[in-house]
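Student: Sharing a sequence plus its predicted fold:
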Amino acid sequence: MISRSADSPPATVPLCTLRRGTRAIVARTQLDDESCDLLCAMGMTERCELRVCRSGEPCIVQVNNTRLGLCLAMARKIHVTPLDAAG
Amino acid sequence: MNASPPSTATDPVPRDASPPPPARIALLGNPNTGKTTVFNRLCGIRAKTANFPGSTVEARIGVTTRGSMRRHVVDLPGLYGLNLDRPESRTCKEYLRGRIELGPPPEAILVVVDATNLERNLILVSQAVQLGLPALVALNMTDLARRRGVRVDHERLAARVGCPVVPICARTGEGFDELFTALDTPRLSDAALPNGSDTPGATRWATATEAACVEENPTAVSRADRRTDRIDAIFTHPILGLLSFVVVMSGLFYTIFSLATLPMDLIELLFAQLGGLVGAVVPAGPIHDLLVDGVVSGVAGTLVFLPQICLLFFLISLLEDTGYLSRAVFVLDRLLRRFGLPGQAFVPLLSAHACAIPAIMSARLIPDLRQRIATILVAPLMSCSARLPVYVLLVGILFPRDPLAAGLAFTGCYALGAIAGLVTALVCRRTILSGSSPPMLLELPTYKLPSLRTALTTTMDRAWMFLRKAGTVIVAICVVLWWLSAYPTTPEPSAATALRTEASMTADADAAANLTTLADEIAGRHAIAQSFAGRLGRTVQPVFAPLGLDWQLTVGVVTSFAAREVFVSTLAVLVAGTDNVDDAGVLQRIRTIRRDDGTLVLTPRTAASLLVFYVLAMQCLPTLPVTARETGHWGWAFLQLGYMSALAYAAALLVYSGLGLAGVT
């Protein structure tokens, strides 16, 4: 399950700020428990690696071989640690 | 059902437990794992759909005769986890634990997993094998995994999950011989698994299991992924995505309208002939009238919806299978979310422009119950094809010699319905259906060629469901409304009798025919005016008087309670004694219908009031049983009827009064 926190550590940024092609590690979310559980069941677990396929509304990310579309409001509340620059 | 309590890591089931071959199997899996394709491979397309008691969660039930014995297979809805706070998760868990029934309880679980996405799928596997039922895992999409360089050691995986794992490819049928054999030997898992309710523990276990069983885990972005990125960039773009959507939906509805016309005409023709046949065999009298005008017409009135329903679900299933539909949901979500509706609502709202009945049935695409009910409640406000004859008549009266204004009025009718629908949805979501909307989060499946087999199965399911659940009620409603319009029978008025007598004594054949036609017109007008519906129209006329309606228009409104288009044919009977509305002369006579004091009934002011009434009024009783079925409660159907009727009356009153104040007559 992705842990919840009101304050993100400095190294993390909201998912919605990443550019297309960026890889990142999921750090924490500010979502409710239900959304956290669903994200986790859909494959976006804590410390999982993702790739941003499309930024903006919707934000599309790829986790392993699963492609997830998230509304912008949700992408704002998921904090990730970028691994590299946009490719 | 006497289910064993769920086993956990601390409560292992003995390894030597060897249950007999199961005769009833539940099929479980994440969405987009090819579970439906597996079910179709197991059972063919002859399956029935059933709802779990007291819910709209549905499962498909089929029978497979391949393998060592005949088995019942229940295809449960796709879900991401058994412990999620979602209706399908709760229902499936309770069903697998034997706490709710859908026929005989399952004796084993077949979990379908996506070999290209093992980690996520394993969380559901770990939950499923701990429910106390023997289980086995079908490792699907092995062909795709091979192409992506993913190799799953299925024997090691079987050891980790504690039950057999069979690699298959449902698309090609590869591995199904082995699967049918393995269905005889599902096992109670004795593996050390995390507790089902421990999501972080399950996640860690799934990660470790994937690492142990997947020999190669590619991280490089494949060409296929980059291609998908490029297509997604177009289909989810704010402008290009909307344009693509318009093109795709225009094509879809053009196909529905153009292809449905022929079978609909054939159904009407067939039943007209059947009515004639029955009429020739059964002697004249009440039974004859009941069979010909009530039952045969009622069945025809029900079956005529089938071509549109079948085509809509067939095309939507194809579209969903390609992967496009989930992208379109995001494009429309931006607009619809402002009105409390999700992006998925575009399918029912657009479909409702053809017919509200298939539209309401397609609202099942919407996962959130409140949003689904709101969509169902407002779908009939979209201008359906049945409103067209009424629009043609009334817009023609308003703008008889101004095609541009008539065109704008037509557009205005459609816009009024759509705006009223969206505003009503917003009001519903802020009052009776209030509550936070779940944020839009969707899995975007890989783009692929759609499966005709799956589309046909879905279409047959929906068509059968419509006929079985809604069709029977619709036929009953049609019969009752026919009876109200046809009874009591009254003696022919003396004027008509006199004309017939005169016709029988006239030597000139043409003159005799004219006299007989005139007698038929008088008799037809008299019959409908004296029927229960006609009397009801006269009785309730004071209610409609503030809208400018006289008794004749009120009778039209009352008789068209079942279906809007009946309004025009009722007026045709009232003014001309025939329901042939294709006759331009009849339409002209409707336009010049007069009150008892000799003034015109359908003045521009009355026509505008009536037009607004028909844009917003329910006036389609067959929709009600469908709403009741899809919402699970008749209360929602009556609310729909009540609010639409009230809204239509209030808006028509406003228009009639406003035009009166503006000096329009």
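Tutor: Yep, that arrived.

Student: and the helix or strand bottoming out on mean pLDDT in chain A, what other elements does it pack with?
Tutor: Lowest by mean pLDDT, DSSP states H and E among the helices and strands of chain A is helix A:33-41, with a mean of 87. The contact analysis (3 or more Cβ pairs under 8 Å, 6 or more residues apart in numbering or on different chains; DSSP states H and E) places helix A:33-41 against strand A:23-29, helix B:118-128, helix B:199-213, strand B:441-443. (Glycine included, C-beta is placed from N, CA and C.)

Student: Check which element follows it along the chain.
Tutor: strand A:49-54 (DSSP states H and E).

Student: For that following strand, list every residue counted as buried.
Tutor: A:50-54 (16 or more other Cβ atoms under 10 Å in any protein chain shown).

Student: Below-threshold pLDDT in chain B: ranges please.
Tutor: B:1-19, B:45, B:54-56, B:196, B:216-221, B:469-470, B:474, B:572-587, B:596 (pLDDT under 70).

Student: In contact with residue B:106: list those residues for me.
Tutor: Neighbour list for residue B:106: B:22, B:24-26, B:74, B:95-96, B:133 [criterion: Cβ atoms under 8 Å, 6 or more residues apart in numbering or on different chains].

Student: which one of the buried residues of strand A:49-54 is nearest chain B?
Tutor: Taking Cβ to the nearest Cβ as the measure, chain B sits nearest to residue A:53 out of the buried residues of strand A:49-54, at 4.9 Å.

Student: How about the closest one: what's its closest non-neighbour residue?
Tutor: residue A:60 (4.3 Å; Cβ to Cβ, 6 or more residues apart in numbering or on different chains).

Student: Strand A:23-29 and the one helix or strand the one you found maps to, what's the angle between them?
Tutor: Secondary structure assignment for residue A:60, by DSSP H and E: strand A:59-63. Counting by axes from the mean of the first three to the mean of the last three Cα atoms, to 10 degrees, strand A:59-63 lies at 100 degrees to strand A:23-29.

Student: Checking the residue nearest to residue B:618 when sequence neighbours are not counted next. Helix, strand or coil?
Tutor: Distances taken as Cβ to Cβ, 6+ apart place residue B:644 nearest to residue B:618, at 4.2 Å, with adjacent residues excluded. Secondary structure state of residue B:644, per DSSP: H, G, I helix; E, B strand; the rest coil, is helix.

Student: Contact partners for residue B:644?
Tutor: B:380-381, B:616-618.

Student: at 10 Å what do you get?
Tutor: B:377-378, B:380-381, B:420, B:424, B:616-620, B:623 (Cβ atoms under 10 Å, 6 or more residues apart in numbering or on different chains).

Student: hang on, the earlier thing: could you dump the helices and strands packed on helix A:33-41 to TSV with distance to residue A:81 and mean neighbour count?
Tutor: Below are those laid out as TSV (distance: least, Cβ to Cβ, whole Å; neighbours: other Cβ atoms under 10 Å in any protein chain shown):
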stretch	distance to residue A:81	mean neighbour count
strand A:23-29	5	21
helix B:118-128	19	27
helix B:199-213	18	19
strand B:441-443	21	20
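
Student: closest to residue A:74 out of those?
Tutor: Closest to residue A:74 of the helices and strands packed on helix A:33-41, according to Cβ to Cβ: strand B:441-443, at 6.0 Å.

Student: Report whether residue B:424 is found in a helix, as I expect.
Tutor: Yes: the assignment for residue B:424 (three-state DSSP) places it in a helix.

Student: Wait, it touches residue B:378, no?
Tutor: Yes: in this structure, residue B:424 is within contact of residue B:378 by Cβ atoms under 10 Å, at 4.9 Å.

Student: Looking at these two, which one has more neighbours?
Tutor: Neighbour tally, residue B:424 and residue B:378, criterion other Cβ atoms under 10 Å in any protein chain shown: the higher count belongs to residue B:378, 29 against 19.

Student: Please identify the helix or strand for residue B:261.
Tutor: Residue B:261 belongs to helix B:240-281, assigned by DSSP H and E.

Student: Now the phi/psi pair for residue B:154, please.
Tutor: Main-chain dihedrals, residue B:154, degrees, to the nearest 10: phi -70, psi -20.

Student: So which residues of the stretch 551-665 of chain B form strands?
Tutor: With DSSP state E, counting those that start in this stretch, there are no strands along the stretch 551-665 of chain B.

Student: Starting from the helix or strand following the strand holding residue A:60, tell me which strands it pairs with and how they run.
Tutor: Next helix or strand after strand A:59-63 toward the C-terminus (DSSP H and E): strand A:66-70. Strand pairing for strand A:66-70, using DSSP bridges, gives strand A:59-63 (antiparallel), strand B:441-443 (antiparallel).

Student: which stretch among those comes nearest residue B:174?
Tutor: strand B:441-443 (24.6 Å).

Student: Serialize the contacts of residue B:106 to a markdown table and add fields for neighbour count and distance to residue B:436.
Tutor: Below are the contacts of residue B:106 laid out as a markdown table (neighbours: other Cβ atoms under 10 Å in any protein chain shown; distance: Cβ to Cβ, whole Å):
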| residue | neighbour count | distance to residue B:436 |
| --- | --- | --- |
| B:22 | 22 | 42 |
| B:24 | 15 | 39 |
| B:25 | 24 | 38 |
| B:26 | 26 | 32 |
| B:74 | 26 | 33 |
| B:95 | 24 | 28 |
| B:96 | 26 | 29 |
| B:133 | 26 | 35 |
